[in-house]
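>>> Quick one: sequence and predicted model below, then my questions.
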Amino acid sequence: MERTTSSRSTASTAFVLLVVILLACSAFAAPVAAQSESRTGGTITVGPDETVSSLNAFGGTVVVEGTVTGDVSAAAGDVRIDGDVGGDVEAGAGSVTITGDVGGDVNAATGGLEIAEGATIGGSLAAGAGSVTIDGTIDGDAEVGAETTTLGEEAAIGGDLRYGGDLVGNTDAVAGEIEYDSTLGSEWVPTFEPIGSLLASAYILALNLLLGAALLAIFPRFSDSVAGQVSQKPVRSGLVGLGVLIGVPLLLIALAITIVGIPFSLVGGLLFALIVWIGVIYGRFAVAAWLLSAGGIDNRWLALVVGLVGGALLAQIPWIGGLLNFLFFLLGLGALTLALVQHRRTSRKQRHGQEPQPYSHPGPQRDQPRRSDPDGRDGFDQDDPTTD
């Protein structure tokens with residue numbers, strides 16, 4: 001019977017780890033799936049050593065540091081081209097910055113466009129923006145509708161310039177003709193920044209809800225234990241979370257210094273990223289459960305939805321929202337660490353034949369499955385008094 005229970009516990013643990021890994025791969029698809037042509041995520045990156053044939057990206061931030069041999073099409077809050085793009089760039093974003101080289105044309109609808117010093121565009125430029133700054137090289141024509149178009153001292157436009165709005169700066173940079181066109185005013189330009197940010201936030205919220213639901217469904221008692229740590233020991237949870245947030249990266253850096261420790265540092269970094277993600281979810285869930293419990297509502301599923309949706313809404317508030325979410329994260333990371341330590345200690349005592357301590361739940365109980373559940377779903381909770 002003990003072997004059956006252990007097998008079920010191991011199977012449950014393996015299953016939830018698989019779920020977490022699959023979700024993480026989706027969330028971090030940008031930096032990992034380098035050869036994928038279509039990517040979505042909070043941050044999408046083509047790394048310095050990556051080469052892809054083309055890139056269709058939709059996310060919060062899109063960064064090209066490596067090489068895209070074909071075209072780049074991006075809709076995001078921010079788009080940066082710091083590497084090399086062999087084809088065209090089409091971007092709808094809150095801001096577009098080009099510091100690298102684009103072999104083809106650039107078409108951008110954005111709040112702000114910057115072509116930095118040293119950047120080159122082998123084709124033409126067509127942009128509608130709130131403001132445009134050109135301090136790089138454009139081999140072809142430029143057509144710009146903006147409130148203000150600024151030509152820097154290092155700017156060079158090989159063809160003609162048609163513009164709407166105000167033109168200031170080094171007009172000698174234009175080799176061809178300069179023509180004012182009132183139809184190129186910026187009033188028609190859509191504002192992509194709030195749209196991109198909103199859609200990226202919705203995507204991240206959906207991922208958080210999916211992972212949170214998996215954690216609550218497979219580890220219900222352990223999740224309640226984490227919430228209990230926050231409600232009963234908020235100061236301790238926050239301090240432990242701060243210590244983990246500072247200490248683990250320092251440890252990983254120390255491992256990376258040695259050649260032998262580099263693989264461990266890389267694997268540890270990925271695992272720590274997962275723990276941080278889970279800590280964010282547990283933190284918001286725990287705070288919401290605490291507040292709902294104070295109002296006489298004990299429902300873990302409602303707490304999950306309220307916590308994650310409330311955290312996403314708080315993130316839209318400058319400064320205060322970010323600070324509150326950071327505090328929630330520290331609480332969740334610390335409570336998760338404390339719950340894992342308690343589980344490990346209990347498991348060690350059981351392996352050595354010691355009787356576990358009498359059951360005592362650290363926080364309010366919410367929709368808890370009975371200990372005699374025959375399916376043994378909750379791998380962390382099986383005969384574990386500290387996590388019930």
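Received the coordinates, thanks.

>>> just checking, L304 touches L211?
No: if you go by CB atoms under 8 Å, L304 and L211 don't touch, sitting 10.2 Å apart. Any C-beta I mention is one placed from the backbone N, CA and C, and that applies to glycine too.

>>> Nearest spatial neighbour of A303, chain-adjacent residues omitted?
Nearest residue to A303 in three dimensions, chain neighbours excluded: A289, at 3.8 Å (CB to CB, 6 or more residues apart in numbering).

>>> Quick one, grab the pLDDT at that neighbour.
Model confidence at A289, given as pLDDT, is 92.

>>> Could you list every helix and strand in contact with the host helix or strand of L292?
Assigned by DSSP states H and E, L292 belongs to helix 262-294. Counting contacts by 3 or more CB pairs under 8 Å, 6 or more residues apart in numbering; DSSP states H and E, helix 262-294 packs against helix 2-27, helix 192-218, helix 220-232, helix 234-257, helix 300-314, helix 320-351.

>>> can I have the fourth one written out in CSV, keeping just the CAs?
Once side chains and other backbone atoms are set aside, the C-alpha atoms of helix 234-257 remain, and they are given as CSV (Å, rounded to 0.1, in the frame of the first residue of the first chain):
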residue,chain,number,x,y,z
PRO,A,234,3.6,37.8,6.4
VAL,A,235,6.8,39.5,7.7
ARG,A,236,8.7,36.3,7.8
SER,A,237,7.5,35.3,4.4
GLY,A,238,8.5,38.6,2.9
LEU,A,239,12.0,38.5,4.5
VAL,A,240,12.6,35.0,3.3
GLY,A,241,11.4,36.0,-0.2
LEU,A,242,13.8,38.9,-0.3
GLY,A,243,16.7,36.7,0.9
VAL,A,244,15.9,34.1,-1.8
LEU,A,245,15.6,36.7,-4.5
ILE,A,246,19.1,38.1,-3.6
GLY,A,247,20.9,34.9,-2.5
VAL,A,248,20.0,32.5,-5.3
PRO,A,249,21.3,34.8,-8.1
LEU,A,250,24.5,35.4,-6.2
LEU,A,251,24.9,31.6,-5.7
LEU,A,252,24.4,31.0,-9.5
ILE,A,253,26.9,33.7,-10.3
ALA,A,254,29.4,32.1,-8.0
LEU,A,255,28.8,28.7,-9.7
ALA,A,256,29.2,30.3,-13.1
ILE,A,257,32.7,31.6,-12.2
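
>>> pLDDT weak spots in the stretch 1-150 of the chain?
1-37, 40-42 (pLDDT under 70).

>>> change it to 90
For the stretch 1-150 of the chain, the stretches with pLDDT under 90 are 1-45, 49, 54-61, 73-78, 91-95, 108-112, 127-130, 145-147.

>>> before we move on, back to that, so which of the helices and strands packed on helix 262-294 is the most packed in?
Among the helices and strands packed on helix 262-294, ranked by average contacts under mean count of other CB atoms under 10 Å, first place goes to helix 220-232 (a mean of 25).

>>> Just want the angle from that helix to helix 234-257.
Put simply, helix 220-232 runs at 110 degrees to helix 234-257, going by axes from the mean of the first three to the mean of the last three CA atoms, to 10 degrees.

>>> what angle separates helix 220-232 from helix 300-314?
60 degrees.

>>> Mind giving me the packing neighbours of helix 220-232?
helix 234-257, helix 262-294, helix 300-314, helix 320-351.

>>> Format those helices as CSV; extra columns: distance to E50.
Formatted as CSV, those follow (distance: least, CB to CB, whole Å):
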stretch, distance to E50
helix 234-257, 21
helix 262-294, 16
helix 300-314, 30
helix 320-351, 30
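
>>> quick one: which helix or strand includes E114?
strand 106-115.

>>> That should have said R80, apologies.
Judged by DSSP H and E, R80 forms part of strand 72-81.

>>> can you check T61 too?
strand 55-64.

>>> Could you break this structure into its assigned domains?
42-192, 219-388 (automatic domain parsing).

>>> Can you lay out those as CSV showing distance to L207?
CSV is the format used below for the domains of the chain (distance: least, CB to CB, whole Å):
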stretch, distance to L207
domain 42-192, 9
domain 219-388, 9
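
>>> Point out the most buried one among those.
domain 42-192 (a mean of 20).

>>> From the chain's centroid, how far away is it?
Centroid displacement of domain 42-192 relative to its chain, using CA atoms, centre = their mean, to the nearest Å, is 25 Å.

>>> Name the nearest residue to the residue in the chain sticking out farthest from the centre, sequence neighbours excluded.
Most distant from the centre of the chain: E177, at 44.8 Å, with distances by CA atoms, centre = their mean. Excluding its sequence neighbours, the residue lying closest to E177 (CB to CB, 6+ apart) is D160, at 4.7 Å.

>>> Now do the contacts for that neighbour.
Applying CB atoms under 8 Å, 6 or more residues apart in numbering, we find D160 in contact with D141, A142, V174, G176, E177, I178, E179.

>>> closest to K233 among the residues you listed?
A142 (60.9 Å; CB to CB).

>>> Now do the phi/psi pair for the spatially closest residue to A173 that is not a sequence neighbour.
Excluding its sequence neighbours, the residue lying closest to A173 (CB to CB, 6+ apart) is A155, at 3.9 Å. When read as degrees, to the nearest 10, the backbone of A155 gives phi -70, psi 150.
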